[in-house]
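Asker: sharing a sequence plus its predicted fold:
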Amino acid sequence: MINSDILKLIRPYQWVKNFFVFIPMFFGGSLFNGSALLACTVAFVAFCLMASSVYCFNDIMDLEDDRRHPVKNRRPLASGSISVRCAWLCMAVLFVLSLASLLLFGNMMHSLQVGCVLVGYFVMNMLYCAKLKQFAIVDVCIVAFGFVLRIAAGGYASDVVPSKWLVLMTFLLTLFLSFAKRRDDVLRMNETGEAPRKNTIHYNLTFINQAITISGSVTLVCYIMYTVSPEVVARFHSDYLYLTSVFVLLALLRYIQLTVVDKRSGDPTKIMLHDRFLQVIILLWALTFLVIIYFEKYLSAYGFSFR
């Protein structure tokens, strides 16, 4: 049985982020393609293992800072329940298992491509944890680019080329979430007088609030442009995609409310897993696209049309 402290170290609840791997397949119309679904599932597992390997390295690098943090001092390494040597071992095992899991792919070329993305993700995050996280703005851009790499891995696995819109919106949305997360650090610094991260001193509430507003607004505008673009309308055979912008607007407003009013933006994953309002909005948005992409032709036979 895996020790509970090991589970806390590798953070399995954070694996929900890796569902971004399935996005190219979903929008590419391959959701019910058995081979594509299997390939994306393997890529998802590989990304989960690789991300957990990165978490181990992150906690090793942040050990002293975490010990001084009022919340992170309960992490296994910071609390002393797991040794640094054990964390290094977990990191190495997870890295090997991540790449080894790609052997389950039937297509060797796809395995190689996804493997390259995973190694790129790992190297980028090693640099991030070791040094780059100390630079304001650079840190949130790297986090956002990590989700773009998840999209790339899903595209290679399912043999679906992600559109420029999908890549751009993924980056913008996760940039918005990253700035919201940094706001929690700024609030903590203002309350305690001590910066939770070395780069927190280069942020303040005025800047963070404006960054959240700008990134959220650009995300919404980009999404609206996506839904009304001729190529997207032609691909989905629908002139009503723009109506789904309402779901995106509501989700962004709700997240800003949680960030600014409730002041609980420190962990986006926990918010997504526990906030019922956001879950309902995301579910309705996904169901709308599910119907448009996969069931439009069946509904058309009964007189329902999205044109």
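Answerer: Received, thanks.
Asker: wait, Leu97 sits on Leu49?
Answerer: Yes: the pair Leu97 / Leu49 is scored as a contact, 5.1 Å apart, by Cβ atoms under 8 Å. (C-beta placed from N, C-alpha, C; glycine too.)
Asker: low pLDDT regions in the protein?
Answerer: Applying pLDDT under 70 to the chain picks out residues 1-2, 106, 296-307.
Asker: ok, Leu97 and Leu49, which is more surrounded?
Answerer: Each of Leu97 and Leu49 has its neighbours counted (other Cβ atoms under 10 Å); Leu49 has more, 22 against 16.
Asker: my guess is the more buried one contacts Leu94, does it?
Answerer: Yes: under the criterion of Cβ under 8 Å, Leu49 makes contact with Leu94 at 4.9 Å.
Asker: who touches both of the two?
Answerer: With contacts taken as Cβ atoms under 8 Å, 6 or more residues apart in numbering, Leu49 and Leu94 have no neighbour in common.
Asker: which residues does stretch 152-165 contact?
Answerer: Outside stretch 152-165, the residues that touch it by Cβ under 8 Å, 6+ apart are 20-25, 27-28, 30, 33, 36, 39-40, 42-43, 46-47, 105, 107, 110, 113-114, 117-118, 151, 222, 225-226, 229, 232.
Asker: ok, the most centrally placed residue in the chain to Tyr294 distance?
Answerer: Closest residue to the average C-alpha location of the chain: Lys17 at 4.1 Å, with Cα atoms, centre = their mean. Using Cβ to Cβ, to the nearest Å, we find Lys17 at a distance of 24 Å from Tyr294.
Asker: what does Leu94 give?
Answerer: For Leu94, the distance to Tyr294 - Cβ to Cβ - is 35 Å.
Asker: neighbour count winner among these two?
Answerer: Counted by other Cβ under 10 Å, Leu94 and Tyr294 do not tie: Leu94 has more neighbours, with 21 against 13.
Asker: any idea which helix or strand carries that one?
Answerer: Leu94 is part of helix 84-101 when elements are defined by DSSP states H and E.
Asker: could you say what helices and strands that helix packs with?
Answerer: Packing partners of helix 84-101 (3 or more Cβ pairs under 8 Å, 6 or more residues apart in numbering; DSSP states H and E): helix 4-10, helix 34-61, helix 76-79, helix 108-130.
Asker: many thanks, we can stop here.
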